[in-house]
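S.K.: Here is a sequence with its predicted model. Questions after.
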Amino acid sequence: MDAAPQPVELSITDAATRMGVDYKTIRRWIAAGTLPARRIGPRLVRIRVADLDALGAPLGPQVGR
């Protein structure tokens, strides 16, 4: 049995759940330019899963751990 395909884009609420933060944090990241997003219509905002994953990716080796 095939698994359902993963979504390419998420809502702000779904992105917040995936990152383990409040939806207001996602909105702040979008406003600051830290997290790219696109607006679809007057209220609907979508965030690419790849952009969200890149935001949480490690930057390099952790020194001192």
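M.R.: Good, I have the coordinates. Residues are numbered from 1 along each chain as shown.
S.K.: pLDDT wise, what is Pro58 at?
M.R.: Note on Pro58: pLDDT of 64.
S.K.: What of the one 3 residues further on?
M.R.: At Pro61, the predicted lDDT confidence score is 68.
S.K.: Just the CA trace of stretch 23-31, in CSV.
M.R.: Taking Å, rounded to 0.1, in the frame of the first residue of the first chain, the C-alpha atoms of stretch 23-31 are listed here in CSV:
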residue,chain,number,x,y,z
TYR,A,23,1.9,30.3,14.9
LYS,A,24,2.9,33.8,15.9
THR,A,25,6.6,32.8,15.7
ILE,A,26,6.1,31.7,12.1
ARG,A,27,4.5,35.0,11.3
ARG,A,28,7.4,36.8,12.9
TRP,A,29,9.9,34.8,10.9
ILE,A,30,8.0,35.7,7.7
ALA,A,31,7.8,39.4,8.6
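S.K.: i'd like the first residue to be 7 from this point on
M.R.: With 7 as the first residue, the last one maps to stretch 29-37.
S.K.: Give me the mean pLDDT for it.
M.R.: Confidence over stretch 29-37 (mean pLDDT, whole number) is 95.
S.K.: Nearest the geometric middle of this protein, what residue?
M.R.: In the chain, the residue lying closest to the centroid (C-alpha atoms, centre = their mean) is Leu58, at 3.1 Å.
S.K.: is it true that Asp28 touches Thr19?
M.R.: No - Asp28 sits out of contact with Thr19 when judged by C-beta atoms under 8 Å, with a separation of 10.0 Å. Any C-beta I mention is one placed from the backbone N, CA and C, and that applies to glycine too.
S.K.: about what we covered before: sticking with the residue nearest to the centre of the chain, tell me its helix or strand.
M.R.: helix 55-61 (DSSP states H and E).
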